[in-house]
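*Asks:* task: produce atomic coordinates for the following.
(chains A and B)
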Amino acid sequence: LAKTTQPISMDSYEGQEVNITCSHNNIATNDYITWYQQFPSQGPRFIIQGYKTKVTNEVASLFIPADRKSSTLSLPRVSLSDTAVYYCLVGIPWGAGKSTFGDGTTLTVKP
Amino acid sequence: GAVVSQHPSWVICKSGTSVKIECRSLDFQATTMFWYRQFPKQSLMLMATSNEGSKATYEQGVEKDKFLINHASLTLSTLTVTSAHPEDSSFYICSARGTEPTEAFFGQGTRLTVV
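*Replies:* The predicted model follows:
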C-alpha cells in the first residue's frame, strides 16, 4: 500500500483558495487517489477521486502531475464550514477499500 | 451519494459487557464492508474487512475473538466488541462499497465509552 505524506495543519481565511498537497512516491500503476473530509465525531466524507491530470467536481479540484507521485486538492473560496481534517488515500479504485489513512491535514479556516 | 448508516451513534457500557454496532447500506448492496477505529486526534485505523457471506479478514494486531464481525447480508454488517474494557473506548466507523457505486461510503461513526 502506498504511503502518503501530507502537511499536518494549514490555516486559511474565508474566501481564499486552499491547496493541500499529498506526496505518494510509491504509487502503483493501478492506484487511484482519493480525498476525504472528516468533521469531529463524524465519518469521513468522499470529496474527489482521480487517476491522472485534473478532475473537478462541484466542491473541489484534484491536480495530479504526470509522474503521479503527488497530488493537490484545491478548495475554491473556503468558508468556516470547511474547517476539517482532509485525508489523501492512494489505492484501489474504490476509494478507502483497502487504502491506508495517513495522518491527514487539519485545515482551519478563520473569519 | 450512497448512504451508510451506523447504529448506535454513541453507547456507554460497563467493563466486561459486550456491545454490538450495526452498519447498514441503505440504498445499495454492499459486497464489502470495512471497520475502522479512531482514537482522539488520530487517524483512522483499519480493523477488518468483511465480504458478504464470508469470514472477516482482520488486520495485524486486531483480535478477531474480541472484535466479532458478521456480514450476513448485502446491507448489514455488525461489529461486536466482546468483554469490553476502558481501553476499547474509541470511535468506531464502518464503510461500505458495492459494485456500483465504486467508491466506499462511510457511516457516521459510533462513539463507544467503556466505564
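
*Asks:* how much space between the residue in chain B that chain A sits nearest to and A:Val109?
*Replies:* Nearest to chain A, among the residues of chain B, is B:Phe106, at 3.4 Å (C-beta to the nearest C-beta). Placement of C-beta: from N, CA and C, glycine included. Distance of B:Phe106 to A:Val109, computed by C-beta to C-beta, to the nearest Å: 22 Å.

*Asks:* show me which of these two is the more surrounded one.
*Replies:* Neighbour comparison, B:Phe106 and A:Val109: the larger count goes to B:Phe106, with 24 against 20 (by other C-beta atoms under 10 Å in any protein chain shown).

*Asks:* near chain A, which residues of chain B?
*Replies:* Proximity of chain B to chain A (C-beta under 8 Å from any C-beta of the partner chain) is limited to residues B:1, B:4, B:6, B:32, B:34, B:36, B:43-46, B:49, B:91, B:93-95, B:97, B:102-109, B:111.

*Asks:* could you rerun that using 7 Å?
*Replies:* B:1, B:32, B:34, B:43-44, B:49, B:91, B:93, B:95, B:97, B:102-109, B:111 (C-beta under 7 Å from any C-beta of the partner chain).

*Asks:* which PyMOL command selects the buried ones in the residues you listed?
*Replies:* Selection of buried members from these for PyMOL, criterion 16 or more other C-beta atoms under 10 Å in any protein chain shown:
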select buried, chain B and resi 32+34+44+49+91+93+95+97+103+104+105+106+107+108+109
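
*Asks:* can you pull out the strands in the chain?
*Replies:* Picked chain A for this. A:9-13, A:18-23, A:32-38, A:45-50, A:53-56, A:61-64, A:70-75, A:84-91, A:105-110 (DSSP state E).

*Asks:* wrong chain, I was asking about chain B
*Replies:* With strands called from DSSP E, chain B shows them at B:4-7, B:10-13, B:19-25, B:32-38, B:45-51, B:57-58, B:67-73, B:76-81, B:90-97, B:105-106, B:110-114.

*Asks:* show residues contacting the first one.
*Replies:* Meaning strand B:4-7. For strand B:4-7, contacts defined as C-beta atoms under 7 Å, 6 or more residues apart in numbering or on different chains pick out B:21-26, B:94-96, B:105-110.

*Asks:* which one among those gets closest to A:Asn25?
*Replies:* B:Ser95 (25.8 Å; C-beta to C-beta).

*Asks:* rewinding a little: quick check: the residue of chain B closest to chain A touching B:Ser95?
*Replies:* Yes: judged on C-beta atoms under 7 Å, B:Phe106 makes contact with B:Ser95 at a distance of 4.5 Å.
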